[in-house]
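*Asks:* sharing a model that was predicted from the sequence below.
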Amino acid sequence: MYKVSVLFVCMGNICRSPTAQGVFESLVAEAGLETRVRIDSAGTHAYHVGDPPDQRATAAAAQRGIDLSRQRARRIETDDFARFDYVLAMDSSNYEDLLRICPQPQRHKVRLLLEFAATDTVRDVPDPYYGGAQGFVRVLDLVEQGTRGLLADIRRRLERDSA
């Protein structure tokens, strides 16, 4: 039974947010929490609905043992804000887009993923879409930092809720 739900959001849901979903699924599985944490991703725009993640994102993730092949892009829905405990934007632009459509009672759930990272020098996961393979590696590095901090936050939440 799921106790916590996480939604990662970028613009088209084919590069950054599916990468974050895949990385976080792997971390959650390693922690033995896959039955307690529900994970998904979405985009703020409908450019790629139904498409698999970008091949460059899939290849970069596969280099680290992470499989993105089962994912398909979707657009965020208003109901997602009620369904998910964490709605995590990959960058400031998507964060602002999310706040524009988020119902007031759920606005506290919308945050930047890198708020959970151990570094405070980078706030946005840059969009690698128009660049080369190295941009996708950078996304993985940043996403790993953010999701490790997120997992620590969720562990504390689960411990608090079970106390």
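*Replies:* Ah, there it is.
*Asks:* which other helices and strands contact the helix ranked longest in the chain?
*Replies:* Of all segments of type helix in the chain, defined using DSSP state H, the longest is helix 133-162. The contact analysis (3 or more Cβ pairs under 8 Å, 6 or more residues apart in numbering; DSSP states H and E) places helix 133-162 against strand 4-10, helix 16-30, helix 55-63, strand 86-89. C-betas here are computed from N, CA, C, even on glycine.
*Asks:* starting at the chain centroid, how far to it?
*Replies:* Mean-position distance between helix 133-162 and its chain equals 9 Å (Cα atoms, centre = their mean, to the nearest Å).
*Asks:* same question for it, mean pLDDT?
*Replies:* When pLDDT is averaged along helix 133-162, the result is 95.
*Asks:* where does this structure dip in pLDDT?
*Replies:* Scanning the chain for pLDDT under 70 picks out 1, 163.
*Asks:* element containing the residue lying closest to Pro18 once chain neighbours are set aside?
*Replies:* The shortest distance from Pro18 to any non-neighbouring residue, by Cβ to Cβ, 6 or more residues apart in numbering, is to Pro53 (4.1 Å). If you go by DSSP states H and E, Pro53 is not part of any helix or strand.
*Asks:* my guess is Pro53 contacts Thr19. True?
*Replies:* Yes. With contacts counted by Cβ atoms under 8 Å, Pro53 reaches Thr19, the gap being 7.3 Å.
*Asks:* mutual contacts of those two, please.
*Replies:* Ala61, Leu68 (Cβ atoms under 8 Å, 6 or more residues apart in numbering).
*Asks:* these two: which has the busier surroundings?
*Replies:* Neighbour comparison, Pro53 and Thr19: the larger count goes to Thr19, with 33 against 27 (by other Cβ atoms under 10 Å).
*Asks:* hang on, that one packs against Ala61?
*Replies:* Yes. Shown here, Thr19 and Ala61 form a contact pair, counting by Cβ under 8 Å, at 5.9 Å.
*Asks:* ok so, going back, quick check: buried residues in the longest helix of the chain?
*Replies:* Neighbour counts using 16 or more other Cβ atoms under 10 Å place 135-136, 138-140, 142-151, 154 of helix 133-162 among the buried residues.
*Asks:* between these, which sits nearest Ala42?
*Replies:* Val143 (15.6 Å; Cβ to Cβ).
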